[in-house]
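In: this one's structure only:
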Ligand code: PHE
């Protein structure tokens with residue numbers, strides 16, 4: 001019996017040692033220690049052993065079993081470590097490899113300028129109102145003191161959708177909506193697309209404006225001038241100043257055209273300012289009393305100013321773009337250069 005057990009042990013250990021992989025090791029374990037295993041068979045044969053020898057044989061079987069179990073556990077540990085090592089090897093990342101270059105996008109120049117303008121006016125306490133691109137004749141013209149046969153309608157070539165509806169030609173239409181919905185104090189900007197049948201190097205049938213409207217007690221042209229002075233320094237640089245020229249818009253009285261001192265030549269005269277030292281940047285004025293009254297605002301108490309900025313125009317001036325079409329062609333060679 002002793003020899004038989006010794007043989008089983010030796011054979012088992014040899015098989016365990018040469019088993020590769022966890023599955024194979026499990027098979028070996030079953031064939032020795034499992035229900036139908038060799039050692040289990042010996043235990044089952046105990047009934048044939050004479051009673052006085054049973055304790056001794058039992059002890060021998062147990063020792064054999066423990067010895068095999070120990071070797072098995074060791075082998076198991078080794079195989080598991082090996083498997084883990086292989087996995088680590090396979091999943092290894094070489095952190096010294098050069099990284100793949102990620103293409104980085106940037107915002108469209110019009111979006112960049114719109115964001116810059118919004119940031120500046122938000123810092124001055126303006127709220128944002130977004131109007132709609134389809135408007136009625138009333139909001140786009142009539143309520144802005146431009147009735148049906150008013151000659152100022154010729155200033156803007158309009159896309160009519162029907163006699164009543166049109167594509168707004170100016171964000172000024174939003175002024176009326178704001179004043180109908182809210183009583184003073186009002187301090188809003190309104191960015192958005194506008195449409196005019198107009199097409200050349202500096203005009204596009206669709207472009208973007210940013211409207212501004214302030215209505216409160218005691219607002220004057222001086223407030224407008226002071227605010228614009230702040231604004232142009234922030235957008236074009238701190239050495240830039242403004243000048244107001246008389247102009248005409250039906251919904252402002254007086255109306256002004258705002259020029260900035262040329263930020264390229266400092267006012268000496270260059271190609272950008274066409275030798276004048278000044279560049280026209282926006283239209284503005286004191287809100288016409290007729291417009292305020294149309295919105296039920298008491299003109300004995302309140303007054304206001306309004307301004308309209310062409311966003312493409314600012315972008316073209318800031319980034320030296322000479323044809324507005326470059327802003328709408330989506331040519332990556334152009335767009336990639338402008339990233340502030
Ligand atoms: N709406 C005018 C335009 O598009 C600009 C403007 C806005 C002028 C507000 C005065 C006041 O030309």
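Out: That came through fine. Note that the coordinates shown come from a computational prediction; the quantities given were computed from them, not determined experimentally.
In: what's the helix or strand harbouring residue 138 packed up against?
Out: Element membership for residue 138, per DSSP states H and E: helix 137-140. On a contact count with 3 or more C-beta pairs under 8 Å, 6 or more residues apart in numbering; DSSP states H and E, helix 137-140 meets strand 165-167, helix 173-181. From N, CA and C alone the C-beta is placed, and that goes for glycine too.
In: what about the helix or strand just after the last one, near the ligand?
Out: So the one you mean is helix 173-181. Proceeding N to C from helix 173-181, the next assigned helix or strand is strand 186-195, under DSSP H and E. No: for strand 186-195, no contact with the ligand is found by C-beta under 6 Å from any ligand atom; the gap never falls below 7.1 Å.
In: what comes up buried for strand 186-195?
Out: 186-192, 194-195 (16 or more other C-beta atoms under 10 Å).
In: ok, residue 224 - contacts?
Out: Counting by C-beta atoms under 8 Å, 6 or more residues apart in numbering, residue 224 touches 214, 256, 284-286, 305, 307.
In: Run the chain-centre distance for the helix or strand harbouring it.
Out: Assessed by DSSP H and E, residue 224 sits inside helix 221-236. Averaging C-alpha positions (C-alpha atoms, centre = their mean, to the nearest Å) puts helix 221-236 30 Å from its chain's average.
In: got it, and stretch 211-219?
Out: Chain-centre distance of stretch 211-219: 32 Å, with C-alpha atoms, centre = their mean.
In: what's the answer for stretch 17-37, then?
Out: 59 Å.
In: quick check: longest strand of this protein.
Out: When the chain is parsed with DSSP state E, its longest strand is strand 206-217.
In: got the buried residues for that strand?
Out: Counting neighbours by 16+ other C-beta under 10 Å, strand 206-217 gives 207-215 as buried.
In: quick check, nearest of those residues to residue 21?
Out: Nearest to residue 21 among the buried residues of strand 206-217, counting by C-beta to C-beta, is residue 208 at 68.8 Å.
In: For that closest one, list the residues it contacts.
Out: Going by C-beta under 8 Å, 6+ apart, residue 208 touches 110, 114, 191-194, 310-312.
In: and the stretch 101-250 of the chain, which of its residues are near the ligand?
Out: Within the stretch 101-250 of the chain, the residues that sit near the ligand (C-beta under 6 Å from any ligand atom) are 170, 172, 211, 249.
In: what's the most distant pair in those?
Out: It's 211 and 249 that sit farthest apart of those, by C-beta to C-beta, at 12.0 Å.
In: what do those two both touch?
Out: Residues touching both residue 211 and residue 249 by C-beta under 8 Å, 6+ apart: none at all.
In: Residues contacting the helix holding residue 138, please?
Out: Under the contact criterion C-beta under 8 Å, 6+ apart, helix 137-140 has outside partners 148, 158, 163-166, 168-170, 172-173, 176-177.
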